[in-house]
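**Q** Sequence and computational prediction follow.
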Amino acid sequence: MFAARTGVPILALPNPTPAVSESFCPSLAVDADTMVVGAPGAAVSGIRAGEAYLFDLSTGARIATMPNPTPLAFADFGRAVAVSGQHVLIGAPGSTLLSVNPAAAYVYDSATDRQSDD
């Protein structure tokens, strides 16, 4: 992250689980002091199913790791992300969860670190 006026780096958020082909940060979203970062190539249960990470921008600390709840190979979970308040939306455009529409989107509640029913 850079200072808007000076362009000076003020915060770096390292990949919490660096691995080959993880694709950390092709998508990110910010709301106030919260940032969600996608890693669609991250391994979940030994499968490249994807994860997303929630960071506190005031401290740089990782708040949560959100793994793909239906880990399927190349689901691309985390390819698209959004955050609004305590709700985090994570897209999985390559997911085969639904046979008619191969894409899926998941909503998480960052206050509970669980998938939301909202």
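**A** Sure thing, it's come through.

**Q** And the residue nearest in space to the middle of the chain, what's its pLDDT?
**A** When CA atoms, centre = their mean is applied to the chain, the residue found nearest the centroid is A52 (2.2 Å). Looking at A52, its pLDDT is 94.

**Q** G91: what's its closest spatial neighbour, skipping adjacent residues?
**A** A80 (3.4 Å; CB to CB, 6 or more residues apart in numbering). In this view, the C-beta of every residue, glycine as well, is placed from N, C-alpha and C.

**Q** Model confidence for that neighbour, exactly?
**A** pLDDT recorded at A80 is 95.

**Q** What's the local residue count around the closest residue to E51 other than its chain neighbours?
**A** In this structure, E51 finds its nearest non-sequential neighbour in A42, 4.0 Å apart by CB to CB, 6+ apart. Using other CB atoms under 10 Å, A42 has 27 neighbouring residues.

**Q** Tell me the span between the first and last residue of stretch 93-107.
**A** 14 Å (CA to CA, to the nearest Å).

**Q** Point out where the protein drops to low pLDDT.
**A** Applying pLDDT under 70 to the chain flags residues 95-102, 113-114, 116-118.

**Q** what sits up against stretch 85-93?
**A** By CB atoms under 8 Å, 6 or more residues apart in numbering, the residues outside stretch 85-93 that reach it are 31, 36, 38, 40, 50, 52, 54, 66, 68, 75-83, 102-111, 116, 118.

**Q** buried ones in it?
**A** Across stretch 85-93, burial judged by 16 or more other CB atoms under 10 Å covers 88-92.

**Q** Between the residues you listed, which sits nearest C25?
**A** Among the buried residues of stretch 85-93, I90 lies closest to C25 (CB to CB), at 13.7 Å.

**Q** Distance check, the closest one against T6.
**A** 33 Å (CB to CB, to the nearest Å).

**Q** for this protein, what spans make up the strands?
**A** 28-31, 34-39, 43-44, 47-48, 51-56, 62-67, 80-84, 87-92, 104-109, 114-115 (DSSP state E).
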